[in-house]
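> model this:
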Amino acid sequence: MAVDEATKLHVAASSASLELFDAMATMGPKGAIASVRAELQGQIEEAHTKYAAMNLGRDPMKSVRDDYCGGG
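Down below sits the predicted model:
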């Protein structure tokens, strides 16, 4: 999957997740709901950053490109 495609998928899934949270989080103080939503959003972004970095390290063609294109 291309990086642009993965980013588009991340944005769509993140938005859908937050919309679902908004639909379900209807009880309790609005400040507490907003705080938990912000925490969720932070966790989503943190996980995305982590997994995106891990996937870049798993590029199976990286060594081939480096060897033949002068990158290594």
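> Show the contacting residues for the residue nearest to the spatial centre of the chain.
Centroid check for the chain by Cα atoms, centre = their mean gives H48 as the closest residue, at 2.6 Å. Counting by Cβ atoms under 8 Å, 6 or more residues apart in numbering, H48 makes contact with H10, S14. C-betas here are computed from N, CA, C, even on glycine.
> Is it correct that S17 is in contact with Q43?
No. S17 is beyond contact range of Q43, at 10.1 Å (criterion: Cβ atoms under 8 Å).
> Have a look at these two and say which one is more surrounded.
Using other Cβ atoms under 10 Å as the criterion, S17 and Q43 rank with S17 on top: 13 against 10.
> Now the host helix or strand of the more buried one: buried residues?
In this assignment (DSSP states H and E), S17 forms part of helix 3-24. Within helix 3-24, the residues scored as buried using 16 or more other Cβ atoms under 10 Å are H10, S14.
> just how off-centre is it within its chain?
Chain-centre distance of helix 3-24: 8 Å, with Cα atoms, centre = their mean, to the nearest Å.
> How about residues contacting it?
Contact with helix 3-24 is made by M1, R37, L40, Q41, I44, E45, H48, A52, N55, as judged by Cβ under 8 Å, 6+ apart.
> Of all pairs in the residues you listed, which one spans the longest distance?
Farthest-apart pair in these is M1 and R37; separation 28.0 Å (Cβ to Cβ).
> Neighbour count: the two, which is higher?
R37 (14 against 9).
> isn't that one right up against G28?
No. The pair R37 and G28 does not pass the contact test of Cβ under 8 Å, sitting 11.5 Å apart.
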